[in-house]
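J.: got a predicted structure plus its sequence, pasted below:
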Amino acid sequence: MESVWAIISTFRPDDDLLWAFDSIASQVSGVVVVDDASGPGSSELLSALTARGAVVESLADNSGIGAALNRGYELALEAGASKVVSFDQDSHIEAGYVQSLLDAHVAAAVRGHRVGLVVPEHFADVRQAYAELGDGTLLAKNIIQSGMLVDAEVLRQIGTMREDFFIDLIDTEFELRTRAAGYLTIAAPGAALAHQLGRQYARLLFGRPVSIPGILPPVTTFSTPFRYFYRVRNRIVLNRLYLRSAPAQITRDTVIDLLHFVNAALVARPRGEFARVLRAGINAGVKSRMGRMPSAVAERASRVAWNAPVVDAGVRGATTQGDR
């Protein structure tokens, strides 16, 4: 019988985490919550999760989402998990969600496929499935780790998340590594995961609205400025690792990222400070300087704000992995 565990990574969570936990715990054998050094302000909430039956561990230092997820995987495997589903702290799932992932895994395995990762067909308003095989198996790419199921044996074969990425593109690297090892990343038909969307802004280019159907929507979600250091650095490293094994995906994603970086640079204020953050990310990527960003760069990023029209101040729909 399957022993399916869930892991939830947290950073300065609010009471909404309790609701998320309850929606997940009823569908799995156990839940591991790993807090990424939120500090004493979160101790009461984490104690409440322990009282609800969660295995809770707090990291001593803010080590990034990769480290938090990896500790969660480690604890889940030690508890005997045969499969693990990862979630962000604001992930709420509907009844039957986990079973839909398991059913998709079994169906694909019966058809003779080596299944690496299983994700919901729909993540927020994005369809993660991009193609369907002749036997009905849905292939997925550009996946989000929240709501993703992975078999314990796959973790043992290919390893866990890249902790040195710290944040951003961690799930993409894991997906590409899994595929390079000969596993399929599939989507569970009909499964959906709603997620909290950050502040959305109108997508402008030199002050004029711009969109490309199927590629660039008319609105965009700008991350907290410091995260652009990680997005630029990790994109460079990711491209170097996987351009040969996934040239089409790498090329498309790089073009989209470049357009987004240009958009962000145009609305950043002060623009010069943001340019220095991007330049530091490029330099770190070229030289493969991984891990947490330098404090001087973080200080520059803290002075940057977005000067763009707000379309929505926060609705349910997508995620940015949390500000760390």
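T.: Arrived safely, thanks for sending. Since the structure is predicted, the reported quantities are computational estimates derived from the model, not experimental observations.

J.: now residue 46, nearest residue through space, not along the chain?
T.: residue 56 (5.2 Å; C-beta to C-beta, 6 or more residues apart in numbering). C-beta here means a position set from N, CA and C on the backbone, and glycine is covered the same way.

J.: please tell me how far the closest residue to residue 128 other than its chain neighbours sits from residue 184.
T.: With sequence-adjacent residues excluded and distances taken as C-beta to C-beta, 6+ apart, residue 128 is closest to residue 140, at 4.4 Å. Plainly put, residue 140 is 9 Å away from residue 184 if you go by C-beta to C-beta, to the nearest Å.

J.: which one of the two has more residues nearby?
T.: For residue 140 versus residue 184, neighbours defined as other C-beta atoms under 10 Å are more numerous around residue 140 (23 against 19).

J.: now do the contacts for that one.
T.: By C-beta atoms under 8 Å, 6 or more residues apart in numbering, residue 140 lies in contact with 117, 119, 121, 128-130, 185-187.

J.: kindly recompute the last result at 6 Å.
T.: Residues in contact with residue 140, defined by C-beta atoms under 6 Å, 6 or more residues apart in numbering, are 119, 128-129, 185-187.

J.: and residue 35, by the same measure?
T.: For residue 35, the residues meeting the contact criterion (C-beta under 6 Å, 6+ apart) are 10, 46, 58.

J.: with residue 217 instead?
T.: Residue 217 is in contact with residue 211, counting by C-beta under 6 Å, 6+ apart.

J.: give me that answer again for 10 Å
T.: 125, 200, 203, 211 (C-beta atoms under 10 Å, 6 or more residues apart in numbering).

J.: have a look at the residues you listed and tell me the least confident one.
T.: Note: of those, the lowest pLDDT belongs to residue 203, at 72.

J.: quick one: it and residue 311 touch, right?
T.: Yes: under the criterion of C-beta atoms under 10 Å, residue 203 makes contact with residue 311 at 9.2 Å.

J.: what do the two both touch?
T.: Common neighbours of residue 203 and residue 311 are listed as 218-220 (criterion: C-beta under 10 Å, 6+ apart).

J.: sketch out the low-pLDDT regions of the chain for me.
T.: In the prediction, the chain carries residues with pLDDT under 70 at positions 1, 196-198, 204-206, 214-216, 312-324.

J.: one more pass at 90, please.
T.: Counting by pLDDT under 90, the chain has low-confidence residues at 1-2, 124-126, 194-222, 259-260, 263, 267, 307-324.

J.: quick check: the spatially closest residue to residue 29 that is not a sequence neighbour vs residue 85, distance?
T.: Excluding the flanking residues, the one nearest residue 29 by C-beta to C-beta, 6+ apart is residue 3, at 4.8 Å. Distance, residue 3 to residue 85, using C-beta to C-beta: 12 Å.

J.: list the residues that contact both of these two?
T.: Taking C-beta under 10 Å, 6+ apart as the criterion, residue 3 and residue 85 both touch 28, 76.

J.: looking at those two, which one has more neighbours?
T.: When residue 3 and residue 85 are compared for neighbours, residue 85 comes out ahead with 29 against 15, by other C-beta under 10 Å.
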